[in-house]
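Undergrad: The following block contains a protein sequence and its predicted model.
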Protein chains: 2
Amino acid sequence: MAHAGMTRELAQDGRPYHHGDLSRALVLAGRRILEKEGPAALSLRAVAREAGVSPAAPYHHFKDKCDLIAAVANEGWQELSAAILEARAKAKDPRHGLSEIGVAYVCFARENPALYRLMYDSACDREDMPDHAKDESSGYGQVREALIAIGIDPHNDLDLRLATIAAWCAAHGVAEMAGFKEFEGLKEELGGEVPFIRAILDHLGIYARHARTHHDA
Amino acid sequence: MAHAGMTRELAQDGRPYHHGDLSRALVLAGRRILEKEGPAALSLRAVAREAGVSPAAPYHHFKDKCDLIAAVANEGWQELSAAILEARAKAKDPRHGLSEIGVAYVCFARENPALYRLMYDSACDREDMPDHAKDESSGYGQVREALIAIGIDPHNDLDLRLATIAAWCAAHGVAEMAGFKEFEGLKEELGGEVPFIRAILDHLGIYARHARTHHDA
DNA sequence: GTCCTATCTGGACAATGTTTAGATAGCACC
DNA sequence: GGTGCTATCTAAACATTGTCCAGATAGGAC
């Protein structure tokens, strides 16, 4: 058989199953294609090709093409969560926590634009926020604690919820808009992309609150 | 010929060419499909079918599929511009202008979710903001004037530009996030979608500034 | 060693974006 | 008023995509 050699070749590198952990390999292949060839090239067949399997193979691990890209998106959300966690931990003054979260969020989106769009699209297709955004320990919870550290009354639940959503909306908006090339001049004026992001976020409500209390003090 | 009758039928309503103003007809067909069957169904062939022409016909009016959907998106931007203009005009107190713009922007996106996403995608594919957003008389200019009315120093060009961008980012962020079904409970608590949108925007920097000056006064 | 089941392949199908050659019709010109 | 020109449209074809199905393959349980 022609593909007997192929099977052996793939089995050589000690993978558990027929072709190893295809599920994982497909997700990795998907990200590779996304980064190198853009979102338009991210087809099921291309992913299968990149992983070295037939076009039908992915259907044993994912119900759909959507299901596969949802898995890729999920990886993205995990990394974003990690970045948020790290950013808040890195802030010396807890009052800067939210601001750092915002910068980290936007920076992640700017460094992985295609992935971020995939992440949002995938979430929005089911009209449901990704689990990692809702998770207490990584997304929603981190923002809420940062807001409390800034001075939002933790007992005013309505206000706290609204502020959390607002912070999330603002970060998403900046993340997606910051890519337009109209802003390149402004970025240079401000000395780079990160200062630009900070400047925009500073104009946005809760993100500016630390600045205000800072100025007031 | 089979299509001779068809041609006559379309020529009856006084259109200039073979099948009339196909360019326009295709854009309208595109929007109809987008509304009724969602963005996934918006294929070139489906649009041609809906307009009653062959799959190759659109290529005489649009260079690409992208070019066609860009035309659909362009219509969307025009309507959004009109909505913004109207919202600002309707505000009694000029200090409420920006706030009204924000609500109108988000409401438009919520009423035409598929179209709004198409608009953003189409703009972001060429990494270039849509012309209507940059236009002095409809997009950028309206926001800037509303900001000046709110008290932003018109001579501080850097701050004015940053504030304009921030306002745009915030509106975009809320527009896209407001669709998640996690917020439905909150919307009910606040008495509908518009109050919800207002509440979020009020937590976002410049949109809240009128509220602050209002409270201060 | 034999069966079971998960996993993969090859081939097929409909649908899509796009191109090509050829038909059609409005328009200018003689 | 007929003749060509050119824009517009059709029909047919091509490669590619998502998806499904029958059959091959192999790891694990008994």
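TA: Sure, I can see it.
Undergrad: Regarding A:Ile152, what is its secondary structure?
TA: Assigned with DSSP: H, G, I helix; E, B strand; the rest coil, A:Ile152 falls in the coil class.
Undergrad: from memory A:Ile165 sits against B:Ile200, does it?
TA: Yes - between A:Ile165 and B:Ile200 there is a contact at 5.8 Å, judged by C-beta atoms under 8 Å. For every residue, glycine as well, the C-beta is placed using N, CA and C.
Undergrad: These two - which one has more neighbours?
TA: The neighbour comparison of A:Ile165 against B:Ile200 (other C-beta atoms under 10 Å in any protein chain shown) goes to B:Ile200, with 29 against 23.
Undergrad: how about the more buried one, what does it touch?
TA: Counting by C-beta atoms under 8 Å, 6 or more residues apart in numbering or on different chains, B:Ile200 touches A:162, A:165-166, A:169, B:174, B:178.
Undergrad: what do you get for A:Thr164?
TA: Neighbour list for A:Thr164: A:140, A:143-144, A:147 [criterion: C-beta under 8 Å, 6+ apart].
Undergrad: if I've got this straight, it is in a strand?
TA: No - using three-state DSSP, the secondary structure at A:Thr164 is helix, not a strand.
Undergrad: what ranges do the helices span in chain A?
TA: Ranges of helices within chain A are A:2-12, A:22-37, A:44-51, A:65-90, A:97-111, A:113-125, A:131-134, A:140-150, A:157-177, A:184-190, A:193-202, A:205-216, based on DSSP state H.
Undergrad: The fifth one: how far from the chain's middle?
TA: For helix A:97-111, the distance from its own C-alpha centre to the chain's C-alpha centre is 10 Å (C-alpha atoms, centre = their mean, to the nearest Å).
Undergrad: One more: the third one?
TA: Using C-alpha atoms, centre = their mean, the distance from the centre of helix A:44-51 to the centre of the chain it belongs to is 23 Å.
Undergrad: one step back: and of the contacts of B:Ile200, the nearest to DNA strand D?
TA: Ranked by distance to DNA strand D (C-beta to the nearest atom of the strand), the contacts of B:Ile200 are led by B:Ala178 at 28.2 Å.
Undergrad: Residue of chain A closest to chain B, please.
TA: Using C-beta to the nearest C-beta, the single residue of chain A nearest to chain B is A:Gly173, 2.5 Å away.
Undergrad: What's the local residue count around that residue?
TA: Neighbours of A:Gly173 using other C-beta under 10 Å come to 26.
Undergrad: Next up, the contacts around it.
TA: B:168-174, B:176.
Undergrad: Could you tell me which ranges of chain A sit under the pLDDT cut-off?
TA: A:1-18, A:206-217 (pLDDT under 70).
Undergrad: Would you mind listing what in it touches chain B?
TA: Contact residues (C-beta under 8 Å from any C-beta of the partner chain) of chain A with chain B: A:120, A:123-124, A:127-129, A:134, A:158, A:161-163, A:165-166, A:168-174, A:176-183, A:186, A:189, A:199-201, A:203-208.
Undergrad: most surrounded residue in the contacts of A:Gly173?
TA: Going by other C-beta under 10 Å, B:Ala170 tops the contacts of A:Gly173 with 31 neighbours.
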